[in-house]
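Engineer: just need the structure, nothing else, for what follows:
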Amino acid sequence: MKNTDGLTALVEGFKDGGVDVVTNFPGYYSHKVFSQLGGEVTSVNEKIAYEIAWGASLTGKRSLTTFKNVGLSDAADPFLNSHLVGTNGGMIVLVFDDVDVEGSQSRQDSRNYFDFFGGLWLEPYSVNSAYELAYKSFKWSEKFSLPVVIRVTNQLIYAQGGFKRLKKVKGNKSFLKNNEQFVVHPINSKYQRKVLAQKNKGIEKFVESLYKSHPSDARNILVGCNIREEKKFGLKNIFRVFTYPLPSKSLSPLLSKSIKIFEQGTPFVLEKVNALKSKSIEGFTGIIPDNSNGYIVSKNYEKLFRALTKVKNTVAIGDLGEYTKDTLDSINGCLCFGSSISVGLGYTLASNKSVFSIIGDAAYLHSGKNVIPEVLKRGRSANIIIISNGGSQGTGGQEIPGDLYYQPKVVEIYKKKYENTSCTEFEDVLKTMNKSKKVSVLYLEMETNK
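Structural biologist: Residues are numbered from 1 along each chain as shown. All right, here's what the predicted structure looks like:
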């Protein structure tokens, strides 16, 4: 295929590589891959998306789960355990590291998870390598019975180029019953860690075989897709790194020379290479554009926030969404996706102050709703505002599974259509909620294009 982008190349590689099951929670381009691969049901959260993909892998099917870097943090428990117990059918974890912070709350480098249990990570450096690595990754996952991680950064998404299409293939593994391998339990841990150590040794040898054609006289090490750096500095004599673990033997001839390392994110490769030699190497972690001015300061909920300022002696705890930053700077604290109710509970426990937790419907179904039973168990009151706009609007309106309107009988429920409610009416309902000693939930229903 001629003149396409990195995202399309990944999608076509997964298709031709025989992907059977795809799961996702929306975030920075991950949902676009999900949609282009025919995904229909968005998972409740990243943890569940990961677990479904691993379950499909057990049957021998080839599975893919995709989310952004912050999503890997949400899925960390099953992700790490899947390295201990392994996989059966090929399983790929596609992680979008938004190092330019184009559509994320912060810059996080997923590669730090590699240092827990190793495994095989891939980082495409061109459109063609994106296709080939996506295509081959299922086979490599089955070779080592481990999930293979493909890390994608901003530059690959926009990269242009062509790729040579390979013959379509399918997986053909069946489920092998092996309790000692596939059951996480202390009784099995010694065996599983021994097997993992053997796998990682095999991966190290395998990785070296992928770099046979790379130059031994290089002066610059480029990690992944570094188009901006390559053009800006006019780099030549390049050694391209696209795997973790690093190819230590292949890199060894370079370590006695004066070389530079270019990568996107934290100095992950730089630190590992410096650990291999006595004299430090100069490193560059990429040209990071400042896109902060492009983020929305929303006016869409100004009536609500203006009314909130009229409720005295209260604190507003926000969640991630277009309402996180409003024109009145109403939000006093925001931690991460789905966290406003639990953070609000913690604030109340420590201060006995009245808190309004503001959360979107997607974040609420993702994890926020799980906190309400604990609020009740602790015998505390809570004021929760759920902005119901029909799904994850920030990423295209994907519907998150779950009953948004189910609440325990003891919860006081209020519903308001935003367009038909005045600032004064909002003020009245917020004051009523604040006087209550119970858990109060206001559903703020927004008009959508659906």
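Engineer: and for the closest residue to residue 224 other than its chain neighbours, the neighbour number?
Structural biologist: Spatial nearest neighbour of residue 224, chain neighbours left out: residue 123 (3.8 Å); criterion: CB to CB, 6 or more residues apart in numbering. To be clear about C-beta, it is placed using only N, CA and C from the backbone, and glycine gets the same treatment. Per other CB atoms under 10 Å, the neighbour tally for residue 123 reads 27.
Engineer: and for the one 3 residues further on?
Structural biologist: For residue 126, the number of neighbouring residues by other CB under 10 Å comes to 21.
Engineer: what does residue 160 give?
Structural biologist: 12.
Engineer: give me every residue that touches it.
Structural biologist: Counting by CB atoms under 8 Å, 6 or more residues apart in numbering, residue 160 touches 3, 4, 5, 127.
Engineer: if any of those residues are buried, put those into a PyMOL selection.
Structural biologist: Burial among these is assessed by 16 or more other CB atoms under 10 Å; the matching PyMOL selection reads:
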select buried, resi 4+5+127
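Engineer: now, the contacts of residue 160 that are in strands?
Structural biologist: 4, 5 (DSSP state E).
Engineer: out of the contacts of residue 160, which is nearest to residue 408?
Structural biologist: Here the nearest of these to residue 408, counting by CB to CB, is residue 5; it sits at 47.6 Å.
Engineer: identify the bridge partners of that closest one.
Structural biologist: Note on residue 5: beta-bridge partners by DSSP bridges are residue 160.
Engineer: just checking, it touches residue 127?
Structural biologist: Yes - taking contacts as CB atoms under 8 Å, residue 5 lies within contact range of residue 127: 6.9 Å.
Engineer: which stretches of the stretch 301-450 of the chain have low pLDDT?
Structural biologist: 448-450 (pLDDT under 70).
Engineer: what about 80?
Structural biologist: Applying pLDDT under 80 to the stretch 301-450 of the chain picks out residues 321-323, 325, 335-336, 352, 390-398, 447-450.
Engineer: those helices in it, which residues are they?
Structural biologist: With DSSP state H, counting those that start in this stretch as the criterion, the stretch 301-450 of the chain has helices at 302-308, 340-351, 361-366, 372-377, 423-435.
Engineer: nearest to residue 107 among those would be which one?
Structural biologist: helix 361-366 (20.6 Å).
Engineer: export the closest one to CSV, keeping only CA atoms.
Structural biologist: Extracted in CSV, the C-alpha atoms of helix 361-366 (Å, rounded to 0.1, in the frame of the first residue of the first chain):
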residue,chain,number,x,y,z
ASP,A,361,-21.2,9.3,32.5
ALA,A,362,-18.3,7.4,30.9
ALA,A,363,-16.0,8.0,33.9
TYR,A,364,-18.8,7.1,36.2
LEU,A,365,-19.5,3.7,34.5
HIS,A,366,-15.7,3.2,34.1
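Engineer: list of residues touching it?
Structural biologist: Residues outside helix 361-366 that contact it (CB under 8 Å, 6+ apart) are 25-26, 44-45, 319-321, 337-338, 340-341, 386-393, 398, 400-402, 404.
Engineer: how about a cut-off of 7 Å?
Structural biologist: For helix 361-366, the surrounding residues in contact (CB atoms under 7 Å, 6 or more residues apart in numbering) are 44-45, 319-321, 337-338, 386-389, 391-392, 400, 402, 404.
Engineer: just stretch 180-188 next, same as before
Structural biologist: Contacts to stretch 180-188, defined as CB under 7 Å, 6+ apart, come from residues 58, 81, 84, 85, 86, 191, 192.
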